[in-house]
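*Asks:* pasting the sequence and the predicted model now:
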Amino acid sequence: MNEGFDSAAFLAERLEWIAANRPLIHHITNLVVMNETANLTLCLGASPVMAHAAAEVEEMAAQAGALVLNMGTPYPELEEAMCAAGKAANRAGVPVVFDPVGAGATAYRTRVAHRLLEEVRFAAVRGNAAEIACLAGEAAEIRGVDSLSFAGDAAAMATGLAVSLGCVVAVTGKTDVVSDGSRLARVNNGHELLGKVTGTGCMATTAVAVLLASGEPHLEAATAALALFGLAGERAAELAGTPGSFHVEIYNQAYELASGHAPLAGLRVELENAG
Amino acid sequence: MNEGFDSAAFLAERLEWIAANRPLIHHITNLVVMNETANLTLCLGASPVMAHAAAEVEEMAAQAGALVLNMGTPYPELEEAMCAAGKAANRAGVPVVFDPVGAGATAYRTRVAHRLLEEVRFAAVRGNAAEIACLAGEAAEIRGVDSLSFAGDAAAMATGLAVSLGCVVAVTGKTDVVSDGSRLARVNNGHELLGKVTGTGCMATTAVAVLLASGEPHLEAATAALALFGLAGERAAELAGTPGSFHVEIYNQAYELASGHAPLAGLRVELENAG
Amino acid sequence: MNEGFDSAAFLAERLEWIAANRPLIHHITNLVVMNETANLTLCLGASPVMAHAAAEVEEMAAQAGALVLNMGTPYPELEEAMCAAGKAANRAGVPVVFDPVGAGATAYRTRVAHRLLEEVRFAAVRGNAAEIACLAGEAAEIRGVDSLSFAGDAAAMATGLAVSLGCVVAVTGKTDVVSDGSRLARVNNGHELLGKVTGTGCMATTAVAVLLASGEPHLEAATAALALFGLAGERAAELAGTPGSFHVEIYNQAYELASGHAPLAGLRVELENAG
């Protein structure tokens, strides 16, 4: 069923490369999770930089191993910076990861999301079901940044959007589905306490960017990243049952897994042909 | 003395409603505490969203269960966004909570605070004695965001401002006083370590907004919120005597209290007629 | 060798003064570490304020005990605010500390750094080897905010820049070197886990500002601050071996050391004449 994809072996090799090369992960992200995503980047062995001035984003993006565009707190200057950085990353061959936080919640967010999809060629897009539905033109209900209802088929939606965008699309939820248009992966790692800490979706996107910085194939890299982050959440929940301590443990466990101090055991990934 | 106000029973019922309905708490807040207030919102069972672009704040505020306007790091675009969002919330009947951080510390902050009071109809205002004195036109000394001295009567000041604004006013300190103009509550929960973690005043304001999202009467809701947050601080201090661990425990204990895992015992609230 | 500089006695006296006077530390800093540097300021006994609106920075800076200008996420409005606040602090005799985060990583950051050096008279500058090399016009390699390589002599570079700027210059790394142009200090406190938490360099700068707020001589104050922060890192690493818990322990241990609950033992400072 897994078509020969050994996610633990894949991750072990990629994490070793990341530790040795410390790729720069350029974030243009929301104001809520800057510290948190920078710290996760460090825990995974890469090097974060947060930079959003129009005057420097193109130069910074071109040096990066991957670029994250996260629209959690959009405003006009950030929107312009995201477009400019995304295009510069495209020119330089740097993979760009998109997190359409709250797409669909307001007309402005929907507009920003669609503009980015038009102007930037993404390597991966990660969102909850309602956010991805907004991008895919499917019906869903969102309130703030929470997906309230999506009655469709997440796997079909991910596959359809992956085909139309020509990139990897991840719909995260109880089970994450990840598609590159022809193949589909499911990840069953994670824990409900992740919903009690703000920015864990943004952190998952950062994990995807760190793994994409280690090279293709992007479907495997994105899938392994989501499994790794979900596993860190599970291990954190074993040690801490309340949100404050759980939040601290996410970093501890991501670091333990990424640095080889804890075994990559418990990854629950299935990979299949989509057709 | 408590005029029949059983704060524990009130909180238990409201927290159950909040958990079931997950009201959206729209924050336009300072850049220091975005992550912290979002996490407290989640711990209390509600759903945070941070959004401050002029292009979306009116639409977001109108969907919210409550709106927080916190001027801790004011700048012109944020000032305009706060005014626009506040007015939209007023039109939609969404309660608006104001935290006048640092009012009186600079002429600009004082101006922003008075402009917001003129343009927006608040459901509750929470600040330290010097901040509220700045709003009420009384004498006080503030440095940065710390109230240095206020020689007046906090209860009388809260009552007077509550009458003139037509809303609930809370002056927090060793004892919190909360007035709706005709009735006065005192809250004796809290711990001095709260002064060693930045943004705990902002978190108290967020707690007030979460409880106000559960409905009227606002005096009881705001009072219960401050008692709940203070009690979480006390319980956190029992487990952690230094600021880093104490900060983590605030979330843990707020979550334990709000989710019913820990009893709402130890609330110290007195409610009386103001006159 | 230490020319009579007893760093523990110096720190004990200064920390007592800081606790008694709670100097205001005005930060105009990057969006990643606002909460973290505010919390460290509180742990050290001082009072943080974050304010960056052009309309208030001059008034706020003039009231402060020290001003931090940290260019970790520069953008035009912040650049203007830093210049205006720096000049106001200069007029008021308030010491200004500069953290040139990422100088050299993009042309824009280099430009901002050089502009600040021209327009503001600093009391101290703290950065990693590559950042300081950018200011000093020496060769170095930087990627994002990480110093990748510097083949020169950090002590000679610090001394040369201290002479040309007329202020204290600190180059932090495995060993920190601090110069006022005529004397040189070396600090051997710290721990490699500090590199696994974002913003620990920014926190070190904040510690320098807190100590400078207690008065001259600035060389001793900056040196003692770096030793104190490094010692907090060492003590934190004894209690926590992974980044999440280590981050929490930094605040705990800084607080314990600054409040006199833990002895100031283990400071490793050498002070000598530079010539």
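*Replies:* Ah, there it is. Everything numeric here is computed off the predicted structure, so don't read it as measured data. Residues are numbered from 1 along each chain as shown, chains lettered A, B, ... in the order given.
*Asks:* quick check: residues of the stretch 1-150 of chain A near chain B?
*Replies:* The stretch 1-150 of chain A has residues A:30-33, A:35-36, A:72-76, A:102, A:105-109, A:143-146 near chain B, with proximity defined as CB under 8 Å from any CB of the partner chain. No exception for glycine: its C-beta is placed from N, CA and C like everyone else's.
*Asks:* try it again at 7 Å.
*Replies:* Residues of the stretch 1-150 of chain A lying close to chain B (CB under 7 Å from any CB of the partner chain) are A:31-33, A:35-36, A:73-75, A:102, A:105-109, A:143-146.
*Asks:* quick one: which of the residues you listed sit in strands?
*Replies:* For these, membership in strands holds for A:143, A:146, with DSSP state E as the criterion.
*Asks:* where does the stretch 101-250 of chain A get nearest to chain C, residue-wise?
*Replies:* Across the stretch 101-250 of chain A, the shortest distance to chain C (CB to the nearest CB) belongs to A:Val248, at 4.1 Å.
*Asks:* nearest spatial neighbour of that residue, skipping sequence neighbours?
*Replies:* Nearest in space to A:Val248, with sequence neighbours left out and distances taken as CB to CB, 6 or more residues apart in numbering or on different chains, is C:Gly244 at 4.1 Å.
*Asks:* ok, A:Leu239 next?
*Replies:* Spatial nearest neighbour of A:Leu239, chain neighbours left out: A:Glu249 (5.1 Å); criterion: CB to CB, 6+ apart.
*Asks:* can you count the residues close to the one you found?
*Replies:* Number of residues near A:Glu249 (other CB atoms under 10 Å in any protein chain shown) recorded here: 23.
*Asks:* so what's it up against?
*Replies:* Taking CB atoms under 7 Å, 6 or more residues apart in numbering or on different chains as the criterion, A:Glu249 is in contact with A:236, A:239-240, C:244.
*Asks:* after the lengthiest helix in chain A, which helix or strand is next? Please name it.
*Replies:* In chain A, assigned by DSSP state H, the helix with the most residues is helix A:218-239. The helix or strand immediately downstream of helix A:218-239 is helix A:243-258, counting by DSSP states H and E.
*Asks:* can you give me the offset of that following helix from its chain's centre?
*Replies:* Helix A:243-258 sits 17 Å away from the centroid of its parent chain (CA atoms, centre = their mean, to the nearest Å).
*Asks:* distance of the residue nearest the centre of chain A relative to A:Val32?
*Replies:* Within chain A, one residue has its C-alpha closest to the average C-alpha position: by CA atoms, centre = their mean, that is A:Thr205, at 1.8 Å. Noted for A:Thr205: a distance of 13 Å to A:Val32, by CB to CB, to the nearest Å.
*Asks:* and the pLDDT for the residue lying closest to A:Ala124 once chain neighbours are set aside?
*Replies:* For A:Ala124, ignoring the flanking residues on the chain, the nearest one in space by CB to CB, 6+ apart is A:Val168 at 4.2 Å. If you check A:Val168, the pLDDT there is 98.
*Asks:* got it, and A:Glu272?
*Replies:* The predicted local distance difference test score for A:Glu272 is 89.
*Asks:* relative to its centre, which residue of chain A is most distant?
*Replies:* A:Ala55 (25.9 Å).
*Asks:* how about that residue, what does it touch?
*Replies:* When the contact criterion is CB under 7 Å, 6+ apart, the partners of A:Ala55 are C:Tyr108.
*Asks:* what's the burial count for the residue lying closest to A:Thr242 once chain neighbours are set aside?
*Replies:* If the residues on either side of it in the chain are set aside, A:Thr242 comes closest to B:Asn252, at 3.8 Å by CB to CB, 6+ apart. Per other CB under 10 Å, the neighbour tally for B:Asn252 reads 24.
*Asks:* likewise for A:Ser47?
*Replies:* Burial of A:Ser47 is recorded as 25 neighbouring residues (other CB under 10 Å).
*Asks:* related to what we said a few turns ago, report the buried members of the residues of the stretch 1-150 of chain A next to chain B.
*Replies:* If you count burial by 16 or more other CB atoms under 10 Å in any protein chain shown, the buried members of the residues of the stretch 1-150 of chain A next to chain B come out as A:31-33, A:35-36, A:73-75, A:102, A:105-106, A:108-109, A:143-146.
*Asks:* per-residue pLDDT, the closest residue to A:Ala237 other than its chain neighbours?
*Replies:* Spatial nearest neighbour of A:Ala237, chain neighbours left out: A:His191 (4.2 Å); criterion: CB to CB, 6+ apart. At A:His191 the predicted local confidence, pLDDT, stands at 98.
*Asks:* A:His191: neighbour count?
*Replies:* 19.
*Asks:* ditto for A:Glu13
*Replies:* 12.
*Asks:* correct me, but A:Val32 touches A:Gly72?
*Replies:* Yes. The criterion here is CB atoms under 7 Å, and A:Val32 meets it with A:Gly72 at 6.0 Å.
*Asks:* what is in contact with these two at once?
*Replies:* Among the neighbours of A:Val32, none is also in contact with A:Gly72 (CB under 7 Å, 6+ apart).
*Asks:* who's in contact with A:Ala9?
*Replies:* By CB under 7 Å, 6+ apart, A:Ala9 lies in contact with nothing.
*Asks:* and it, that one's in a helix?
*Replies:* Yes. Residue assignment for A:Ala9, taken from DSSP: H, G, I helix; E, B strand; the rest coil, places it within a helix.
*Asks:* can you narrow the residues of the stretch 1-150 of chain A next to chain B to ones near chain C?
*Replies:* Applying CB under 7 Å from any CB, the subset of the residues of the stretch 1-150 of chain A next to chain B adjacent to chain C comprises A:31, A:35.
*Asks:* what's the end-to-end length of stretch A:233-251?
*Replies:* Between the start and the finish of stretch A:233-251 there is a gap of 9 Å, counting by CA to CA, to the nearest Å.
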